[in-house]
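Participant: Okay, predicted coordinates and the sequence, questions at the end:
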Amino acid sequence: RFVSIWDQGAPKGSPLGPPPAPFSDGAEITGERMNRALEWSRTHKVGATDLLRQSSQRAGAHGTHVASIAAGSNGVCPEAAIAGVLIALTKDDQTRHASLYDSTRLAHAVDYLFGLGERLYGRRVPTVINISIGTNGHAHDGTSAISQWIDAALMTAGRCVCVAAGNAGQ
């Protein structure tokens, strides 16, 4: 049921595929490519994630866990289409207590996901985005530029953004 994954950290010319329009970074792994990799992996007994290796793969990552709760076979919305974005964080942003300084990556991810339904289905579809990036970003009072940008993006009916609170104690 995964329809797409945008790996923002994939290098230019990645075998994962080209970046999604209109973006110039990373690679978009389409559902068709994922399904082909899964079929090939069953036949050849090689993991699909070894065939389509992403820039950041961690088993049991929080975003994967939350996606399963939301849209997994036994989740809240078991028939929902699923898409994901691997946010490309800088080395400085990858430490547990760091702040997310380059919020343009997050803004691009939100923009991509809100536009994906229209691109795939030819119409606006209800879209829920969960942001689980494993780091803290900016003020937590709604005054940061990224918070205000997401608020503006939510002015279209049928959109929802949920953000993990984090466990860093900040």
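Facilitator: Cool, the structure landed.

Participant: any low-confidence regions in this structure?
Facilitator: 48-49, 51-63, 89-102, 134-138, 166-170 (pLDDT under 70).

Participant: Longest helix in it, by number of residues?
Facilitator: Looking across the chain with DSSP state H, the single longest helix is helix 104-121.

Participant: Please name the nearest non-neighbouring residue to the residue nearest in space to the middle of the chain.
Facilitator: Among the residues of the chain, the one closest to the centroid is residue 85, at 2.1 Å (CA atoms, centre = their mean). Of all residues not flanking residue 85 in the chain, residue 109 sits nearest, at 3.9 Å (CB to CB, 6 or more residues apart in numbering). Just so you know, the C-beta spots here come from the backbone N, C-alpha and C atoms, and that holds for glycine as well.

Participant: List the contacts of the one you found.
Facilitator: Residue 109 sits next to 6, 8, 85, 87 when contact means CB atoms under 8 Å, 6 or more residues apart in numbering.

Participant: Nearest to residue 27 among those?
Facilitator: Lowest distance from residue 27 to these (CB to CB) belongs to residue 6, with 7.6 Å.
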